[in-house]
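Trainee: Based on what follows, work out the 3D shape:
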Amino acid sequence: MNSPHAKWASVWVYVLASRLLRAYEQGGEVALRSKKRGCPSARRVQPGRAAEAMALVRDKYWDFGPTLACEKLREIHGHNLSVETVRALMTRSGLWSPKKKRRGAVQQPRPRRESFGELIQIDGSDHEWFETRGERCWLLVFIDDATGRLTQLHFTKSENTFSYFDALEGHIKEHGKLRFPSVS
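Mentor: Below is the predicted model of the structure:
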């Protein structure tokens, strides 16, 4: 223990441990509990203030998220509440739901096409494909829906209509023109 802070820390730990031991010997386990247990928090929001803030949120800011609603309550109405308090109040009143509880509509997967060439999905991806050995470029990918097979891979400097036409030309040269299902 070379530093003076380490010396004081060890003294503080000793004093605290002695105090806790004395309390335990005099009152048992109950004496070790906080004396503030069961008392209302000093940081609690007064029910009237919370109700007034929530009335404002319901009337004017019902479509805001908790952070923006909190800012507006503070700037315009003088309610100095924390974002987490506003979030809890909005959640309790049903104006906000946490992301984990929000669920989008479940989409049924679309059945794959029956034969090769009926539907080609096309996507472009910007990336440093060649790391430091070349310029950053786009990879255009053609994927057959029926088989999931990659039918065309095309590197290009930018993603634009002409790049897609070049990739489509390569696809047609290799696999023939696109097949359309017959309509009866």
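
Trainee: can I see the domain layout of the chain?
Mentor: Annotated domains of the chain cover 47-93, 120-175 [automatic domain parsing].

Trainee: what stretches of this protein score poorly on pLDDT?
Mentor: The chain contains residues with pLDDT under 70 at 1-2, 104, 178-184.

Trainee: Identify the residue nearest the geometric centre of it.
Mentor: For the chain, the residue nearest the mean C-alpha position is residue 99 (7.5 Å; C-alpha atoms, centre = their mean).

Trainee: From residue 91, how far off is that residue?
Mentor: 12 Å (C-beta to C-beta, to the nearest Å). For glycine as for every other residue, the C-beta is placed from the backbone atoms N, C-alpha and C.

Trainee: and what of residue 74?
Mentor: Applying C-beta to C-beta, the value for residue 74 to residue 91 is 19 Å.

Trainee: hang on, the earlier thing: of all the domains of the chain, which gets the most neighbours per residue?
Mentor: Ranked by mean neighbour count under mean count of other C-beta atoms under 10 Å, the domains of the chain are led by domain 47-93, which reaches a mean of 16.

Trainee: End to end on that one, go ahead and measure it.
Mentor: Domain 47-93 has an end-to-end distance of 14 Å (criterion: C-alpha to C-alpha, to the nearest Å).

Trainee: hmm, back to that, which SSE is the residue nearest to the centre of the chain in?
Mentor: Assigned by DSSP states H and E, residue 99 belongs to neither a helix nor a strand.

Trainee: And residue 153, by the same measure?
Mentor: Element membership for residue 153 (DSSP H and E) is strand 150-156.

Trainee: So what are the sheet partners of that strand and their directions?
Mentor: Take DSSP bridges as the rule and strand 150-156 pairs in its sheet with strand 137-144 (antiparallel).

Trainee: which residues touch the partner strand?
Mentor: 116-117, 119-127, 129-130, 149-159, 163-164, 167-168, 171 (C-beta atoms under 8 Å, 6 or more residues apart in numbering).

Trainee: same thing but at 7 Å, please
Mentor: 116-117, 120-127, 129, 150-159, 163-164, 167, 171 (C-beta atoms under 7 Å, 6 or more residues apart in numbering).

Trainee: next one: that strand to chain centre, how far?
Mentor: Using C-alpha atoms, centre = their mean, to the nearest Å, the mean C-alpha position of strand 137-144 is found 28 Å from that of the whole chain.

Trainee: Renumber starting at 378 from here on
Mentor: Okay, using 378 as the starting number, the last item reads as strand 514-521.
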